[in-house]
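> No sequence on hand, only this structure:
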């Protein structure tokens with residue numbers, strides 16, 4: 001066993017390889033597809049957006065970032081709606097994500113997401129929430 005402080009993409013791929021094989025042989029088809037919606041500034045530079053994937057009939061939102069200059073204009077909700085539309089078109093039945101207490105829980109709840117799990121004291125004194133929404 002070796003502790004690696006700066007693992008590579010190849011290290012991750014090597015760890016994932018036996019899991020991918022096992023899941024392929026024992027689970028339903030994953031049909032994993034990346035999902036990205038990019039927010040661009042006037043110069044065409046990516047300044048935020050949504051990053052996730054669809055897999056096992058659900059969309060997972062890993063990252064949602066709207067720069068300060070674009071907040072309060074419905075951009076976050078528009079990103080979520082667009083991602084949900086893509087997920088539905090791909091045959092997904094719902095979406096899930098996680099957020100910390102100091103982040104965007106009320107935002108997601110306004111969009112119809114509800115908590116299905118909480119990891120208390122992550123970070124200490126706070127919580128990490130897991131939310132989902134059925135389409």
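Okay, I see it. Note that the structure is predicted; figures quoted are calculated from it, not measured.
> after the longest helix seen in the chain, next one along is what?
In the chain, ranked by residue count with DSSP state H as the criterion, the top helix is helix 9-26. Sequence-wise, the next helix or strand downstream of helix 9-26 (DSSP states H and E) is strand 33-40.
> which outside residues touch that next one?
For strand 33-40, contacts defined as C-beta atoms under 8 Å, 6 or more residues apart in numbering pick out 46-55, 59, 66-67, 70, 75, 79, 82-83, 86-87, 90. Backbone N, C-alpha and C define where each C-beta goes, glycine included.
> let's go with 10 Å and repeat that
Contact with strand 33-40 is made by 45-55, 59-67, 70, 75-76, 78-80, 82-83, 86-87, 90, 92, as judged by C-beta atoms under 10 Å, 6 or more residues apart in numbering.
> roughly how far is that strand from the heart of the chain?
11 Å (C-alpha atoms, centre = their mean, to the nearest Å).
> ok, now stretch 81-89?
Counting by C-alpha atoms, centre = their mean, stretch 81-89 comes out at 13 Å from the chain centroid.
> Then stretch 87-104?
6 Å.
> That one: which residues count as buried?
Judged by neighbour count (16 or more other C-beta atoms under 10 Å), stretch 87-104 contains these buried residues: 87, 92, 95, 96, 97, 98, 99, 104.
> Quickly run through the sheet partners of the host helix or strand of the fourth one, with directions.
When you say that, I think you mean residue 96. Here residue 96, judged by DSSP H and E, is contained in strand 94-100. Taking DSSP bridges as the criterion, strand 94-100 forms sheet pairs with strand 58-65 (parallel), strand 127-134 (antiparallel).
> any idea how far residue 3 is from the nearest residue to residue 123 once chain neighbours are set aside?
In this structure, residue 123 finds its nearest non-sequential neighbour in residue 100, 7.5 Å apart by C-beta to C-beta, 6 or more residues apart in numbering. Separation of residue 100 from residue 3 (C-beta to C-beta, to the nearest Å): 26 Å.
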